[in-house]
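1. What would the 3D arrangement of this be:
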Amino acid sequence: MKRFKKRPFLYLIFFYSLLFLQVACANNEVNVGKNDVVKASENSSVIFSLGAENLASYLPQLANKKVGLVGNHATLIKSSHLVDVLLSKKVEIIKLFSPEHGFRGDADAGEKVSSSLDGKTGLPIFSLYGKDKKPSKDMLSGVEVMVFDLQDVGARFYTYISTLHYVMEACAENNIPLIVLDRPNPNGYYIDGPILEKEFTSFVGLHPVPVVHGMTMGEYASMINGEKWLENGIQCDLNVVKMTAYDHTMRYELPEKPSPNLPNMNSIYLYPSLCFFEGTPVSVGRGTEKPFQLFGHPSFGLYSYAFTPKPMFGAKEPKLNGELCFGRELSARSLELKNNGQLDLQYLIDAFNFYPNKSEFFTNFFALLAGTKQLQHQIEAGMTAEEIRATWQADLSRFQKVVRSKYLLYGDF
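-> The predicted structure is shown next:
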């Protein structure tokens, strides 16, 4: 300090330097732009928290209550499972509920999941993927409040939002409050694709929304309630525990894979575009080390890239099992989708054009994934990707401005 008394200008330099640093740090805390990436492990530049991490916002609602929890292997607070955290806080969890892939995330896509006991806690697990996709009255017996915490990826055919629908409906019918602990949508920075038509309603599409809806689970739950999409227009006693320092322009990297065949961010960015292939004879790499990062078929010999699907964790009976397939590896392409934010139909169009028997290319499942028969007809008619996308724009604009906008909790993109 003696130096500053003798030289006042040094004090001024020191003072303004500190002021500049404080302003810069404050700006860094909120200035997460369109192409920035937020990782769950980062604590320095962005003050970010998941809904589950905001314990003070919902623990009082669980006090002295018998609690049910819908979750899976990705229902984490940092490296700890939410079940363990709540039990350590003396929350009385009495029942667990699991979506597709099971509570510990070890079941194939589409594989029926049986009810069982959780090996770590001994709590009963009730499957919501199998013969019972909606919790029954018996399943909910004794539950006084339900907690829902699943990591979505923002595509209509990713079945966790259908599980959300049926949990909300069951809670509404049984007068059980539901708390949704919100998480980021890693594809939450755009909307795209055809709107689902009512006649193509299924577990891979329950609501009139586009393929990529651009909403978090909490926002989506509010939309289900607000639009009265539950049976007979009933509404759930819903409480969404929001995240902090999140908005829809962010690129959030998941710290844990949300399901067995979405192992990394490449697969998550490509998933909305490649999942259409599930309704065709073409493989999307299930049974390889790069599921949803490639596509191929034995008849696509014009491609040089080759792979052979084999049984493995998450793909016990993969499509084209043991057959040499030729196609494209798309990991590098995922960066473009991450930055541009749109579906890429060109893969599907090319595969249709290369497939030898075009009358057998589309299965009945394709229309359920697309939510419409129109996309199949457009591809069969030879329309370009740009021409097809143009036919969606009026419906997308209406969804974005008239429906979705009412339920946003984190701004827009």
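2. Within the helices and strands, which one has residue 224?
-> Residue 224 belongs to helix 217-226 when assigned by DSSP states H and E.
3. Quick one: distance of that helix to the chain centre.
-> Chain-centre distance of helix 217-226: 14 Å, with C-alpha atoms, centre = their mean, to the nearest Å.
4. May I ask you to confirm that residue 407 is in contact with residue 217?
-> No: contact between residue 407 and residue 217 fails when scored by C-beta atoms under 8 Å: they sit 11.5 Å apart. Every C-beta, even on glycine, is put in place using the N, C-alpha and C of the backbone.
5. So those two - more neighbours on which side?
-> More crowded of residue 407 and residue 217, by other C-beta atoms under 10 Å: residue 217, with 24 against 19.
6. Grab the nearest non-local neighbour of the more buried one.
-> Sequence neighbours aside, residue 152 is the residue nearest to residue 217 in space, at 5.1 Å (criterion: C-beta to C-beta, 6 or more residues apart in numbering).
7. so who does that neighbour touch?
-> When contacts are counted by C-beta atoms under 8 Å, 6 or more residues apart in numbering, residue 152 touches 158, 160, 161, 183, 185, 216, 217, 220, 258.
8. now swap in residue 177 and tell me
-> Residue 177 sits in contact with 61, 145, 146, 171, 237, 238, 239, where contact means C-beta under 8 Å, 6+ apart.
9. again with residue 202
-> By C-beta under 8 Å, 6+ apart, the neighbours of residue 202 are residue 368.
10. Report pLDDT for it.
-> For residue 202, the pLDDT comes out at 98.
11. Same question for residue 364.
-> Model confidence at residue 364 (pLDDT) stands at 97.
12. Likewise for residue 157?
-> pLDDT, read off for residue 157, is 98.
13. ok, now residue 393?
-> 98.
14. quick one: residue 328 is in a helix?
-> No: counting by DSSP: H, G, I helix; E, B strand; the rest coil, residue 328 is located in no helix; its state is strand.
15. so who does it touch?
-> Per C-beta under 8 Å, 6+ apart, neighbours of residue 328: 294, 295, 296, 303, 305, 347.
16. Please tell me how far it sits from residue 293.
-> For residue 328, the distance to residue 293 (C-beta to C-beta, to the nearest Å) stands at 10 Å.
17. And for residue 70?
-> Distance of residue 70 to residue 293, computed by C-beta to C-beta: 29 Å.
18. and if you look at residue 81?
-> In this view, residue 81 and residue 293 are 28 Å apart by C-beta to C-beta.
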